[in-house]
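Student: Using only what follows, build the 3D model:
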Amino acid sequence: VGAKVWRAAIMLGEELAANPGWCEGKRCLEIGAGVGLCGLLASKLGAASVTLTDFERPLLDSLVLAVDRNRELDAAAVGTTTTAVTLVRRLDWIEECERPHATGDANDPKKPTDDDDDASGEKGWKEMDDRETFDFVFGSDLLYEEVHALTLPGVIKRRVAAPNGRCRVVGAVRNRAMLDVLVENMRKEGLAVVETHLRDNDTNAADWYEDGYCALEVTHDVE
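Tutor: Take a look at the predicted model:
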């Protein structure tokens, strides 16, 4: 499912483009990046850094190529500059939830730098650093299986910088019960969740779903 641009990714991209302040100056993380549409867009919207993640090696290799190609296009475009450090990292949600939290100064999380770029050698990507946290985490169509509802909340809790980081997830509502479990598990992780119904589907579209699309706005629950 990660080898094409799904409608939810386009919807999230439209939100990012309409709200450039979400990314500007922020350390951004795209989870379940697939082809990396939204992460690459964030790099062009003034993000301080962007980390694109997935877990299948062919997708990671493709993301590296996409990042390199976008750099070339930006360099060739007159008047276009992209200053964001854009990296590709492997992030497996199951492994993430099984891994103990890294020790260190929680007030000084590791931040992506140019020194991290291409640190894995020829393949251009490496495993995600345990201590990296981000100001803005986002992803689209992340919920396909029950295991995702169990593991995604822990990934978000770990990777969204406390206390003021945020996460936005946009996706089709393919299974209402599974989505409810996801939200419940997020709240069990100490996260605050606000669900918003997005525009109604075109019922003639190939990717139409009866329950439409929704966005989850996720933050640390500071109460």
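Student: Quick check: closest non-adjacent residue to residue 60.
Tutor: Counting by C-beta to C-beta, 6 or more residues apart in numbering, the nearest residue to residue 60 once its immediate chain neighbours are dropped is residue 125, at 4.7 Å. To be clear about C-beta, it is placed using only N, CA and C from the backbone, and glycine gets the same treatment.
Student: so what's that neighbour up against?
Tutor: 60-61, 63-64, 87-90 (C-beta atoms under 8 Å, 6 or more residues apart in numbering).
Student: ok, and for the top helix by length along the chain, which residues are buried?
Tutor: Counting by DSSP state H, the longest helix found in the chain is helix 57-76. Using 16 or more other C-beta atoms under 10 Å as the burial criterion, the residues of helix 57-76 that qualify are 59-60, 62-64, 66-67, 70.
Student: Show me the strands in the chain, by range?
Tutor: Secondary structure of the chain (DSSP state E): strands located at 27-30, 49-54, 85-90, 126-127, 136-140, 166-172, 191-197, 213-220.
Student: quick one: which of those is nearest residue 153?
Tutor: When these are compared by C-beta to C-beta, strand 191-197 sits nearest residue 153, at 6.7 Å.
Student: and the closest one, which strands flank it?
Tutor: Strand 191-197 pairs in its sheet with strand 213-220 (antiparallel), by DSSP bridges.
Student: Need the residue closest to the centroid of the protein.
Tutor: Residue closest to the average C-alpha location in the chain (C-alpha atoms, centre = their mean): residue 30, at 2.1 Å.
Student: just to revisit the earlier point, report the mean per-residue pLDDT for the longest helix of the chain.
Tutor: Helix 57-76 shows an average pLDDT of 92 in the prediction.
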